[in-house]
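Colleague: need a 3D model of the sequence below.
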Amino acid sequence: MDQKKILIADDNENIRDALTYLLEDEGYELRLASDGADTLRKVRERKPDILFLDIMMPEINGYDVCRTIKNDPDLKSIYVIMLTAKGQVAEQERGKEVGADEYIVKPFSPMEILARVKTLFHH
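Modeller: Presented below is the predicted three-dimensional model:
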């Protein structure tokens, strides 16, 4: 069976570390990115199954990264979960507009993240 690929894109090292720690034991192939340009490069290189995407990142913000991915026929099947510290409805609406599949507000529960990933991969 193909190893499932996850890309974690967040400029906060603590978030990247926490998600890595949480998911690496599950046997997924993990890659990390810390800014929008790096995220797009890695998405095109390895085409992850799931992308955890922070909104506030250097170079290119998460909304623009998501829009670019969802407008690309080769990449639009990637499941994008936007991570944000902002819980406002407007932010979530904007996330939906650019094609985000899901929205998780920081601080998030590690168990919630793990449960989402397992659910997505076992459907």
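
Colleague: the host helix or strand of Met82 pairs with which strands, parallel or anti?
Modeller: Using DSSP states H and E, Met82 maps to strand 79-84. Under the criterion DSSP bridges, strand 79-84 sits next to strand 50-54 (parallel), strand 102-105 (parallel) in its sheet.

Colleague: so which residues make contact with it?
Modeller: Outside of strand 79-84, the residues within contact range by CB atoms under 8 Å, 6 or more residues apart in numbering are 10, 15, 49-56, 62, 66, 69-70, 91, 95, 99-106, 108, 116, 120. All C-beta spots, glycine's among them, are computed from the backbone N, C-alpha and C.

Colleague: cool, stretch 32-43 as well?
Modeller: In contact with stretch 32-43 (CB under 8 Å, 6+ apart) are residues 7-11, 13, 16, 20, 31, 48, 51, 53, 57-62, 64-65, 68-69, 75, 78.

Colleague: can you rerun that using 6 Å?
Modeller: By CB atoms under 6 Å, 6 or more residues apart in numbering, the list of residues contacting stretch 32-43 from outside reads Leu7, Ile8, Ala9, Asp11, Arg16, Arg31, Met57, Pro58, Glu59, Ile60, Val65.

Colleague: the bottom helix or strand of this structure by mean pLDDT?
Modeller: When the helices and strands of the chain are scored by mean pLDDT, DSSP states H and E, helix 89-97 comes last with a mean of 82.

Colleague: what comes up buried for that one?
Modeller: Buried residues in helix 89-97, counted by 16 or more other CB atoms under 10 Å: Glu91, Gln92, Arg94, Gly95.

Colleague: low-confidence ranges in the protein?
Modeller: 1, 86-87, 123 (pLDDT under 70).

Colleague: much appreciated, bye for now.
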